[in-house]
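Visitor: Below are the sequence and a predicted model for it; my questions follow.
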Amino acid sequence: MKSDRQIRNLIITGFSGTGKSVVAWEAARKLDWGFLDTDDAIVRRAGKPIADIFRGDGENKFRQLERAAIKKACRQTRMVIAVGGGAIVDSQNYELLSGTGLIICLEARPETIYERLFREAACNPGTEVRPLLAVDDPLERIRELKASRQPHYARADWTIHTDRLTIGEVAEEVVRAWRLLRPDRSGLAKTGAKGLLRRPDFIATPRDDNDEDIARVVETATERYPVFVGYGLLDKLGRKMKQCGLSGRATIVSDENVFPLYGSRVEGVLRTAGFEVNCFAVPPGEETKSMGSALRIYDFLVEQRVERDDVIVALGGGVVGDLAGFVSATFLRGMSWVQVPTSLVAMVDAAIGGKVGVNHPQGKNLIGAFHQPSLVLADCQTLATLPRRELTSGWAEVIKHGLILDKEFFEFLETNTIKLKRLEPETLALAIARSAGIKAGVVSQDEKEREGKRTLLNYGHTIAHGLEAATQYKRFLHGEAVAIGMMGAAKLSQRLGLLSSEAVERQQSLLHNFGLPTSLEVPIKSGRSNLNLSAATITRAMELDKKVKGKAIHWVLLEDMGKAVVRSDVPQDEVMAVLGELSRS
């Protein structure tokens, strides 16, 4: 988002059937602003319905009229402007709209859109089907057309998923977006050299109160679920689980550090919401993420006569989430589960995406599955009780998201480091929600790491998993290993001519400012050492990692801040040289 951008209007975009016109009108009423529908303006100028324009003059003529209507609309101030579903596909239109207004995209599933459009046509015999949907299989046409436009819709500043919301609720979300993102709101939209922090990934979900939880909907080929980020959310857990259709008995799986802090509170919240509750706590630490721990939980579930329609609640950090998720994926051939992350690394990464599993002595997460949760609920207040080292470790995953996909977010982290380290609520919630939104967006596009997009999330993890396995998961916290691994990946990128030295230094500086390691404290030995931290051991562990395909390590490297690439042709001598650099720096 450009620093000189003037936010004078609200722009409502989205596919046909998402309610753009009626929502824009209602939002304008609530804000006491003007209302303008560019399709109406086109009809007035042409003197005939849009369907007649398409039939008689063709789509190109309609797009010319649309461009002229948008250009005129953008001269207005304090207007809520509804634009056609294909308007922002045109780069000229997008530049005009984004230069003068906050763009809000209304989303809905293809089935919802089909039902809305053709119910409207059935209820109003005079209503014509949209010209681009006048085909034999309109639902399939909706899917195709919507998929082609999705990259353009993703450029919006805010997205609202409308499937289960009323017109009034969607309009309220539009107003809320304006209040959160308007340039004069301190802490949420910073102007200046770094520009405004865009938030295209936060999607509103149905709410039964007036809270300001930030949510993202993860929508994969197999599942759809919300991710909530906010303060005081633990007290809303039972209600939000009910909203997601969960019921029956809830088994809380936690660890012996987290459960004494939050276990009784969560148990009480769930009982108040009507759930029966069981609790099981495991020892803390990476060693717990094992088949032995999974078997102990299985025994407990059998003893408690847990059924497939019951739900598992993972209360804790990444280890608890991975372990509880693995159990939920495999017990009774799969049951529902909920992620309640209490560590930073879990909130922004581990809890989102459905990767669950346990470790094997030869490598991390070698035994596992993809099993999406029904709900992710991150209460930022729980970070206040997180040990300082674990909190610091979590910032590695946050920084990673900016490095691989969002340069603007990386700059936001550079600008707000002190506030974030102090856990200042507004800035912290925004950073966590943004980071979680990046992860959720990737998972939605590539659920099972088949298309390549999700592979980008492994930036720094190839070396990190090698370091963790080589030290039996006892020396590094995960984020510490990832920070070192990201420095290795950045140095490797520089050696291959992909990344500038300035970018490497900026990455190192930000990691250092958050208190993360950027090198190894003890040198890597060329042979075996008492610490079992030899170059050969690390590379052997890397070769066993899940990111190896066809016996070649797929490295995630950087071409620039916010731009990652995957390479499988990295020379082994360059890898060894980088491991040496990490040891000496």
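Guide: Everything's here; your move.

Visitor: Can you list the strands that the host helix or strand of Val338 pairs with?
Guide: For Val338, the element it lies in under DSSP states H and E is strand 336-341. If you go by DSSP bridges, strand 336-341 pairs up with strand 311-316 (parallel), strand 375-379 (parallel).

Visitor: Walking through the stretch 51-200 of the chain, point out its helices one by one.
Guide: 59-73, 91-100, 110-123, 138-153, 167-181 (DSSP state H, counting those that start in this stretch).

Visitor: Turn those helices into TSV, columns for distance to Glu480.
Guide: Backbone N, C-alpha and C define where each C-beta goes, glycine included. Below are the helices of the stretch 51-200 of the chain laid out as TSV (distance: least, C-beta to C-beta, whole Å):
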stretch	distance to Glu480
helix 59-73	50
helix 91-100	39
helix 110-123	44
helix 138-153	35
helix 167-181	33
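
Visitor: Of all those, which one is nearest Ala577?
Guide: For these, the distance to Ala577 is smallest for helix 138-153, at 38.1 Å, taking C-beta to C-beta.

Visitor: List the contacts of that closest one.
Guide: 13-15, 85-86, 88-89, 94, 105, 107, 110-111, 113-114, 117-118, 129, 132-133, 135, 159 (C-beta atoms under 8 Å, 6 or more residues apart in numbering).

Visitor: now swap in stretch 291-307 and tell me
Guide: For stretch 291-307, contacts defined as C-beta under 8 Å, 6+ apart pick out 248-249, 251, 253, 278, 280, 282, 323-324, 326-327, 330-332, 335, 358, 367.

Visitor: chain center to that stretch: distance?
Guide: From the chain centre to the centre of stretch 291-307 is a distance of 31 Å (C-alpha atoms, centre = their mean, to the nearest Å).

Visitor: Could you do stretch 326-345 as well?
Guide: 18 Å.

Visitor: just stretch 152-163 next, same as before
Guide: Chain-centre distance of stretch 152-163: 13 Å, with C-alpha atoms, centre = their mean.

Visitor: got the strands paired with strand 336-341 as a markdown table, with distance to Gln150 columns?
Guide: Shown next, in a markdown table, are those (distance: least, C-beta to C-beta, whole Å):
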| stretch | distance to Gln150 |
| --- | --- |
| strand 311-316 | 31 |
| strand 375-379 | 22 |
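
Visitor: which one of the ones you listed has the most crowded surroundings?
Guide: Highest mean neighbour count of the strands paired with strand 336-341: strand 311-316, a mean of 28 (counted as mean count of other C-beta atoms under 10 Å).

Visitor: Could you check the pLDDT of Pro341?
Guide: pLDDT for Pro341: 97.

Visitor: Identify the residue nearest it in space, chain neighbours excluded?
Guide: Of all residues not flanking Pro341 in the chain, Ala351 sits nearest, at 4.1 Å (C-beta to C-beta, 6 or more residues apart in numbering).

Visitor: wouldn't that neighbour be in contact with Thr342 here?
Guide: No: Ala351 lies out of contact with Thr342 (C-beta atoms under 8 Å); the separation is 9.7 Å.

Visitor: How about the contacts made by Ile104?
Guide: If you count contacts by C-beta under 8 Å, 6+ apart, then Ile104 has Leu10, Ile11, Ile12, Thr13, Ala156, Asp157, Trp158, Thr159, Ile160, Val174, Ala177 around it.

Visitor: That one and Ile11, how far apart?
Guide: 7 Å (C-beta to C-beta, to the nearest Å).

Visitor: and if you look at Ala350?
Guide: The gap separating Ala350 from Ile11 is 35 Å, by C-beta to C-beta.

Visitor: With neighbour numbers in mind, choose between the two.
Guide: A count of neighbours by other C-beta atoms under 10 Å puts Ile11 above the other of Ala350 and Ile11, at 30 against 25.

Visitor: Tell me which helix or strand Glu26 sits in.
Guide: Assigned by DSSP H and E, Glu26 falls in helix 20-31.

Visitor: just to revisit the earlier point, ok, the residue nearest to Pro341 - how many residues close by?
Guide: Look at Ala351: counted by other C-beta under 10 Å, it has 30 neighbours.

Visitor: Got the phi and psi for it?
Guide: When read as degrees, to the nearest 10, the backbone of Ala351 gives phi -80, psi -10.

Visitor: quick check: longest helix of the protein.
Guide: Longest helix in the chain, counting residues (DSSP state H): helix 425-445.

Visitor: For that helix, enumerate the helices and strands it packs against.
Guide: strand 214-219, strand 224-230, strand 375-379, helix 388-405, helix 407-415, helix 417-421 (3 or more C-beta pairs under 8 Å, 6 or more residues apart in numbering; DSSP states H and E).

Visitor: Stretch 9-20 spans what distance, first to last residue?
Guide: Terminal residues of stretch 9-20 lie 15 Å apart, using C-alpha to C-alpha, to the nearest Å.

Visitor: and the closest residue to Gly368 other than its chain neighbours, what element?
Guide: Distance criterion C-beta to C-beta, 6+ apart; nearest residue to Gly368, sequence neighbours excluded, is Gly357 at 2.1 Å. According to DSSP H and E, Gly357 maps onto strand 355-360.

Visitor: For the residue nearest to Pro341, give me its contacts.
Guide: With C-beta under 8 Å, 6+ apart, Ala351 has these contacts: Val227, Ala314, Gly318, Gly321, Gln339, Pro341, Pro373, Val376, Ala378.

Visitor: again, only this time at 6 Å
Guide: Contact analysis of Ala351 by C-beta atoms under 6 Å, 6 or more residues apart in numbering lists Gly321, Gln339, Pro341, Val376.

Visitor: Repeat that for Asp406.
Guide: By C-beta under 6 Å, 6+ apart, the neighbours of Asp406 are Ile438, Gly562.

Visitor: same thing with Glu256?
Guide: Taking C-beta under 6 Å, 6+ apart, one finds Ala281, Pro283, Pro284 in contact with Glu256.

Visitor: Those residues, buried ones only, as a ChimeraX selection?
Guide: Per 16 or more other C-beta atoms under 10 Å, the buried members of the contacts of Glu256 correspond to this ChimeraX selection:
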select :281,284
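
Visitor: The contacts of Glu256 in helices, which ones?
Guide: Those of the contacts of Glu256 lying in helices (DSSP H): none at all.

Visitor: avg pLDDT for the helix or strand just after the strand holding Val338?
Guide: Downstream of strand 336-341, the first helix or strand assigned by DSSP H and E is helix 344-345. Mean pLDDT, helix 344-345: 94.

Visitor: now for the helices of the stretch 51-200 of the chain, which one comes closest to Val218?
Guide: helix 138-153 (14.9 Å).

Visitor: so what's Lys236 scoring on pLDDT?
Guide: pLDDT recorded at Lys236 is 93.

Visitor: Helix, strand, or coil at it?
Guide: Secondary structure state of Lys236, per DSSP: H, G, I helix; E, B strand; the rest coil, is helix.

Visitor: From Ala503, how far off is it?
Guide: For Lys236, the distance to Ala503 (C-beta to C-beta) stands at 41 Å.

Visitor: Check Val340 too.
Guide: Val340 is 36 Å from Ala503, by C-beta to C-beta.

Visitor: These two: which has the busier surroundings?
Guide: Between Val340 and Ala503, counted using other C-beta under 10 Å, the more crowded position is Val340 (30 against 19).

Visitor: For that one, which residues are in contact?
Guide: Leu315, Leu377.

Visitor: Tell me the bridge partners for it.
Guide: Leu315.

Visitor: Please name the spatially closest residue to Trp158 (chain neighbours excluded).
Guide: Excluding the flanking residues, the one nearest Trp158 by C-beta to C-beta, 6+ apart is Ala177, at 4.2 Å.

Visitor: now Phe62
Guide: Ile53 is the one closest to Phe62 (C-beta to C-beta, 6+ apart), at 4.8 Å.
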